[in-house]
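1. Build the 3D model from these lines:
(one chain, ligands or ions: 1)
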Amino acid sequence: MTLKKWLTGSVWVASLLLATTASAATFKVAIGDAAGGTQYELGKVFAEQLKEKSGGSVTADLFPNSQLGDEQDTINDAAMGLLDFSILAINNITPFSPSVAVLTMPYVIQSLEDARTLTQGDVGKELTEKTIRDAGVRIVGWSYSGFRVLTNSKRPVRSLDDLKGLIIRVPKNELMIAFYNALGVNPTPMAWNETFTALQQGVVDGQDNPYITISAMKFDEVQKYITPIRYLFSLEPLVMSEQVFQAQTPEVQAWILEAGQAATEYSYEYIQVTEDNIKQELQAAGMEIVELANNEQDWIDAATTKVWPAFYDSIGGKERLDAVLATLNR
Ligand code: MLT
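-> Numbering: from 1, shown residues only. Sure, this is the predicted structure:
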């Protein structure tokens with residue numbers, strides 16, 4: 001065989017291989033929470049949809065419970081193209097994409113409907129673009145996990161005074177640290193995958209997360225009191241490495257986006273049918289739900305007067321927050 005014929009043959013075989021592998025892949029999906037929470041449900045439906053849409057040629061394997069690293073580390077890995085997907089709490093993306101903090105400004109999102117309006121409309125589109133630019137990851141789906149509620153092992157918290165002296169774990173997130181500072185507490189920033197052990201060993205007394213996350217992570221084994229403070233509605237997006245996304249064929253990209261949208265719609269239904277049951281299960285497991293003693297306005301005032309102004313710059317100016325609030329008719 002002449003060199004020319006051999007080369008032509010090799011190029012042809014290589015092109016054939018590329019064509020067959022270009023639309024066949026198995027992706028890895030890191031999940032911060034244990035199975036049983038909204039993150040896992042989003043991942044499960046995303047994987048099912050991807051498989052169905054691609055006729056089985058594109059699949060996704062789920063790795064829950066931070067098996068592939070702490071949530072914030074997975075963003076770095078995905079940005080570098082070392083990881084395909086991650087599902088994590090939005091507050092663990094903001095350190096890499098500050099403008100996303102507009103969704104984590106305390107008391108901005110006041111209902112599931114607010115959360116849906118912002119993520120599914122122009123605000124969500126803009127945040128997706130900015131997150132690609134700033135963090136190297138593309139938001140392809142959202143899970144809706146409910147409000148973060150405060151838990152602790154020491155005492156019922158009904159007021160800001162009750163909160164004083166408690167050691168509260170927060171994610172490594174400037175805004176959440178500032179929120180607790182505004183309430184008169186000096187919180188302990190800590191990675192998510194260290195939180196259960198820290199609560200168990202009494203290194204910290206409390207933390208906040210949605211009911212469904214508290215249940216999935218078995219925090220009822222190490223926490224006693226819940227105060228529904230509702231300052232932050234937890235959004236937990238599915239993000240994809242932009243490098244990996246760009247390496248896919250247009251057909252695979254379309255399947256990924258469609259599967260992400262279908263999983264998002266499922267998540268919106270899922271939280272509505274599960275949250276009340278989970279709340280009851282946590283109470284049956286011995287947790288006590290303690291309502292604020294008619295003083296929620298103290299918490300809201302602290303957030304809006306001390307925290308909001310400190311973060312206008314990082315979210316793109318006060319006008320941006322005003323525009324978000326206008327989208328919510330406020
Ligand atoms: C955190 O508290 O770090 C996160 O909200 C945890 C999570 O992803 O559920």
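
2. who's in contact with whichever residue of the stretch 1-150 of the chain sits closest to the ligand?
-> When CB to the nearest ligand atom is the measure, the stretch 1-150 of the chain has its nearest residue to the ligand at residue 89, with 3.2 Å between them. From N, CA and C alone the C-beta is placed, and that goes for glycine too. When contacts are counted by CB atoms under 8 Å, 6 or more residues apart in numbering, residue 89 touches 32, 71, 145, 171, 192, 234-236.

3. quick one, phi/psi of it?
-> phi -70, psi 140 (degrees, to the nearest 10).

4. How about the residues of the stretch 151-300 of the chain by the ligand?
-> Taking CB under 6 Å from any ligand atom as the test, the list of the stretch 151-300 of the chain residues beside the ligand reads 171, 192, 209, 213, 236.

5. Just the ones of these in strands?
-> 209, 236 (DSSP state E).

6. Please save the CA atoms from the lengthiest strand in the chain in CSV.
-> Counting by DSSP E, the longest strand found in the chain is strand 137-152. Coordinates of the C-alpha atoms in strand 137-152 are reproduced here as CSV (Å, rounded to 0.1, in the frame of the first residue of the first chain):
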residue,chain,number,x,y,z
VAL,A,137,-19.9,26.6,33.7
ARG,A,138,-23.3,26.7,32.0
ILE,A,139,-26.5,26.4,34.0
VAL,A,140,-28.6,23.8,32.2
GLY,A,141,-31.2,23.1,34.9
TRP,A,142,-32.6,24.2,38.2
SER,A,143,-33.8,22.4,41.3
TYR,A,144,-36.1,24.2,43.7
SER,A,145,-35.4,23.1,47.2
GLY,A,146,-37.5,25.4,49.4
PHE,A,147,-36.5,28.0,52.0
ARG,A,148,-33.4,27.5,54.1
VAL,A,149,-34.4,27.0,57.7
LEU,A,150,-32.2,27.4,60.7
THR,A,151,-31.4,24.3,62.8
ASN,A,152,-29.5,24.0,66.0
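
7. Strand partners (parallel or antiparallel) of that strand?
-> Take DSSP bridges as the rule and strand 137-152 pairs in its sheet with strand 206-210 (antiparallel), strand 225-227 (antiparallel), strand 233-241 (antiparallel).

8. Quick one: mean pLDDT for it?
-> Per-residue pLDDT values across strand 137-152 average out to 98.

9. Which positions in the very next helix or strand once past it come out as buried?
-> Going down the chain from strand 137-152, the next helix or strand is helix 160-163, by DSSP states H and E. Along helix 160-163, the positions that meet the burial threshold by neighbour count (16 or more other CB atoms under 10 Å) are 160, 162-163.
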